[in-house]
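[1] When you get a sec, could you give me coordinates for this:
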Amino acid sequence: MARLLMLLIAFSLLPLSCGYAKELKFAVVPKFYSVFFDQSKTGCVDAAAQIKGVECIYRGPESSSVRLQDQVINQLIDEGVDGIAVAVTQSKYLAENSLKRAKEAGIPVVTYDSDFDASIDEDPKNLRLAYIGTDNFALGQSLGEELKKLRPNGGTLIMQSGRPDSPNLNLRLMGVRSALSGKTYNAPPGELLNNDLGWTEVREPLFNFDQLSQAVKQMESVMKGKPVKADSFVAVGGWAQNDAALYREMMAPYQDKIDNKDIVIIITDTSPEQLAMLKDRLAHINIGQSPYEMGRQAILTLYKIVTKQKYDDIIYTPVIFCTQQNYETCEKPTGM
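    Residues are numbered from 1 along each chain as shown. Sure thing, here's the model as predicted:
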């Protein structure tokens with residue numbers, strides 16, 4: 001009997017890596033449903049399928065809105081989910097509302113794709129246990145470094161972003177500016193370039209508020225050179241290309257300008273549709289992220305947290321560099 005008791009105690013102390021006594025439901029909450037974020041759903045579902053008793057719930061707003069995202073998170077709290085991974089739309093609002101409530105309910109929270117920014121005026125670790133996603137500042141730097149390769153003597157620049165209050169996008173803007181200017185900025189999004197090492201931003205970034213048709217219209221104004229003209233365009237997200245048909249129709253008249261590099265086009269993300277656009281010479285460079293891996297790691301991390309296993313509080317997912325020359329072979333991100 002004593003031997004049996006000792007065996008039972010020893011077994012109870014083994015890590016719960018192959019199962020858990022309770023059925024677990026983990027939620028992945030994107031900023032909004034889109035080509036990019038829906039890949040995180042696939043990663044989430046695949047990871048959950050590999051762990052007995054774990055379910056992935058992928059739920060978000062139809063459009064980019066912090067209030068709608070907040071409502072989704074509150075619904076998930078009411079349903080009693082066991083953990084939440086959220087791509088932060090607006091730090092302060094979520095921190096003061098649904099994510100504060102999640103903390104009070106004892107529901108572990110991790111962020112993915114977009115972490116909290118300085119507007120919350122506290123350590124992000126007080127609100128989330130881990131961040132999983134791109135090193136957004138480094139991504140911005142990569143966008144800038146690739147632009148310098150194509151424009152080694154500098155030039156004029158227009159950038160495109162989603163929302164002016166988006167934490168991850170502001171880090172990318174700062175990364176681009178840092179790469180081009182050689183400066184270190186105190187806080188994102190940095191400062192407008194003004195003849196910094198030969199680079200000048202001709203205007204503030206174009207903000208499309210995650211509206212794809214608006215993103216295409218903004219790009220069209222850049223291609224036309226009206227009302228402002230620049231020889232370089234950098235998008236810190238893939239918005240315009242996510243409406244593939246509209247993008248192709250808009251860009252068709254400007255093929256010569258692209259081929260001659262009258263304007264250099266560098267865009268974030270590398271969906272299959274975007275790689276097809278590289279093949280057809282409708283952009284010069286795409287730098288991709290790993291939304292699938294973000295969703296996968298979000299579930300694995302939440303599972304480790306709930307089952308009291310060791311986990312990493314920062315997981316930077318790899319990026320991928322695609323050009324008109326290597327679009328066929330650049331599908332797997334570096335490090336995967």
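[2] ok, which stretches of the protein are strands?
    Ranges of strands in the chain, per DSSP state E, are 24-29, 54-58, 83-86, 109-112, 131-133, 155-161, 199-201, 206-207, 232-235, 264-268, 285-288, 314-316, 320-323.
[3] Take those strands and write them to TSV, including distance to residue 300.
    C-betas here are computed from N, CA, C, even on glycine. Converted to TSV, the strands of the chain look like this (distance: least, CB to CB, whole Å):
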stretch	distance to residue 300
strand 24-29	10
strand 54-58	10
strand 83-86	10
strand 109-112	10
strand 131-133	9
strand 155-161	30
strand 199-201	40
strand 206-207	34
strand 232-235	30
strand 264-268	25
strand 285-288	21
strand 314-316	9
strand 320-323	21
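[4] how about CSV for the ones you listed, with distance to residue 249 and mean neighbour count added?
    Formatted as CSV, those follow (distance: least, CB to CB, whole Å; neighbours: other CB atoms under 10 Å):
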stretch, distance to residue 249, mean neighbour count
strand 24-29, 33, 25
strand 54-58, 31, 20
strand 83-86, 35, 27
strand 109-112, 33, 27
strand 131-133, 32, 27
strand 155-161, 18, 23
strand 199-201, 28, 20
strand 206-207, 19, 20
strand 232-235, 18, 26
strand 264-268, 16, 25
strand 285-288, 19, 25
strand 314-316, 36, 15
strand 320-323, 22, 18
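[5] so which of these gets nearest residue 41?
    Nearest to residue 41, of all the strands of the chain, is strand 54-58, at 4.0 Å by CB to CB.
[6] Surely residue 231 and residue 154 touch.
    No. Applying CB atoms under 8 Å, one finds residue 231 not in contact with residue 154, separated by 9.7 Å.
[7] now residue 246: how far from residue 240?
    8 Å (CB to CB, to the nearest Å).
[8] Which residues are in contact with each of those two?
    Counting by CB atoms under 8 Å, 6 or more residues apart in numbering, the common neighbours of residue 246 and residue 240 are 212, 216.
[9] Name the residue in the two with the higher neighbour count.
    Neighbour totals were compared for residue 246 and residue 240, and residue 240 leads with 28 against 17 (other CB atoms under 10 Å).
[10] Give the full set of residues in contact with the more buried one.
    Contacts of residue 240 by CB under 8 Å, 6+ apart are 160, 208, 212, 215-216, 218-219, 247, 267.
[11] so which of those comes closest to residue 188?
    Out of these, the member with the shortest distance to residue 188 (by CB to CB) is residue 160, at 16.0 Å.
[12] residue contacts, the closest one?
    Contacts of residue 160 by CB under 8 Å, 6+ apart are 205-208, 215, 218-219, 233-237, 239-240.
[13] May I see those residues organised as TSV, with pLDDT added?
    Formatted as TSV, those follow (pLDDT from 0 to 100):
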residue	pLDDT
205	98
206	98
207	98
208	97
215	98
218	98
219	97
233	98
234	98
235	98
236	98
237	97
239	96
240	97
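[14] Which member of those residues is positioned nearest residue 198?
    residue 234 (15.5 Å).
[15] Is that closest one bridged to anything, and to what?
    Beta-bridge pairing of residue 234 under DSSP bridges involves residue 159, residue 266.
[16] just checking, residue 164 touches residue 207?
    Yes. Using CB under 8 Å, residue 164 is in contact with residue 207, at 5.5 Å.
[17] quick one on the thing from earlier: now for the contacts of residue 240, which sits with the most neighbours around it?
    Neighbour counts for the contacts of residue 240 peak at residue 267, which has 29 neighbours (criterion: other CB under 10 Å).
[18] any idea how far residue 143 is from that one?
    9 Å.
[19] list residues touching both of these two?
    With CB under 8 Å, 6+ apart, residue 267 and residue 143 have common neighbours residue 234.
[20] so what's residue 239 closest to, chain neighbours aside?
    Leaving aside its chain neighbours, residue 239 sits nearest to residue 215 (3.6 Å; criterion: CB to CB, 6 or more residues apart in numbering).
[21] Next step: the contacts of residue 240 restricted to helices.
    Counted as lying in helices by DSSP state H, out of these, are 212, 215-216, 218-219, 247.
[22] just the residues you listed now: which is nearest residue 72?
    Nearest to residue 72 among these, counting by CB to CB, is residue 212 at 20.9 Å.
[23] I'd say the closest one and residue 239 touch.
    Yes. In this structure residue 212 lies within contact range of residue 239 using CB under 8 Å: 5.5 Å.
[24] quick one, phi/psi of residue 106?
    Dihedral pair for residue 106: phi 80, psi 20, per degrees, to the nearest 10.
[25] what about it, how many residues close to it?
    By other CB under 10 Å, neighbour count at residue 106 equals 7.
[26] so what's it scoring on pLDDT?
    Per-residue pLDDT puts residue 106 at 97.
[27] Could you measure from it over to residue 84?
    Distance, residue 106 to residue 84, by CB to CB: 12 Å.
[28] cool, residue 27 as well?
    From residue 27 to residue 84 the distance is 5 Å (CB to CB).
[29] Residue 77 too?
    Distance check for residue 77 against residue 84: by CB to CB, it reads 8 Å.
[30] Could you pull up the residues touching the closest residue to residue 122 other than its chain neighbours?
    Sequence neighbours aside, residue 95 is the residue nearest to residue 122 in space, at 7.9 Å (criterion: CB to CB, 6+ apart). Residues near residue 95 by CB under 8 Å, 6+ apart: 116, 120, 122, 127.
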